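Visitor: Need coordinates for the following:
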Amino acid sequence: MRAPAVALLGLALAACGFHLEGHRALPAAVQTPFVDTQDRQSDFVHSLEHSLLMNGAQLAPARNQASAVITILKDTLKPRVLSVSNINEPNEYELTYSVTFSVTAGDQELLPPQDLSITRSYSFDPRLLLAKGHEADILRGAMAQDLAEMVMRRLARL
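Guide: From the prediction side, this is the model:
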């Protein structure tokens, strides 16, 4: 009884065009990119380079060996206090991760500067300082990965 139901569900999903999101085929222009940035240790840069590799790109070791140059013009993380307790200690923070990037191939501009931003909030308790610091680190990494995926979607459309 279950097998026909699973088969019917599979056919319905295939008929509507549903497919799992996975690796994207990158256009030839960005198969060998060079990531030009001021901060090579940034969470976003690490996530972007990892995403590029996972999608079949071969990172160029130098700008002059690249098929395209992805220039990271801005890579910032800004915390902001959202709420405070009755003794004026922060209860909640908001993190905004913003990046600006452009893509060129030789003298041709493939993507003009693109601004991307993502915002998340998290609660804070000074009694749990170590745990909340770790939570902020995990959140920052997840935000960087989300931004890298946004960049990958734009690169796939070139």
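Visitor: what about the chain, any weak spots by pLDDT?
Guide: Using pLDDT under 70 as the threshold, the predicted model of the chain has low-confidence ranges 1-24, 129, 132.
Visitor: Mind giving me the packing neighbours of the helix ranked longest in it?
Guide: Longest helix in the chain by number of residues (criterion: DSSP state H): helix 129-156. In this structure, helix 129-156 makes packing contacts with helix 43-54, strand 68-84, strand 90-105, strand 108-123, judged by 3 or more C-beta pairs under 8 Å, 6 or more residues apart in numbering; DSSP states H and E. (Glycine included, C-beta is placed from N, CA and C.)
Visitor: Columns distance to residue 137 and mean neighbour count on top of the ones you listed, output as JSON lines?
Guide: Formatted as JSON lines, the entries for the helices and strands packed on helix 129-156 read as follows, by distance: least, C-beta to C-beta, whole Å; neighbours: other C-beta atoms under 10 Å:
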{"stretch": "helix 43-54", "distance to residue 137": "9", "mean neighbour count": "19"}
{"stretch": "strand 68-84", "distance to residue 137": "11", "mean neighbour count": "16"}
{"stretch": "strand 90-105", "distance to residue 137": "11", "mean neighbour count": "18"}
{"stretch": "strand 108-123", "distance to residue 137": "11", "mean neighbour count": "14"}
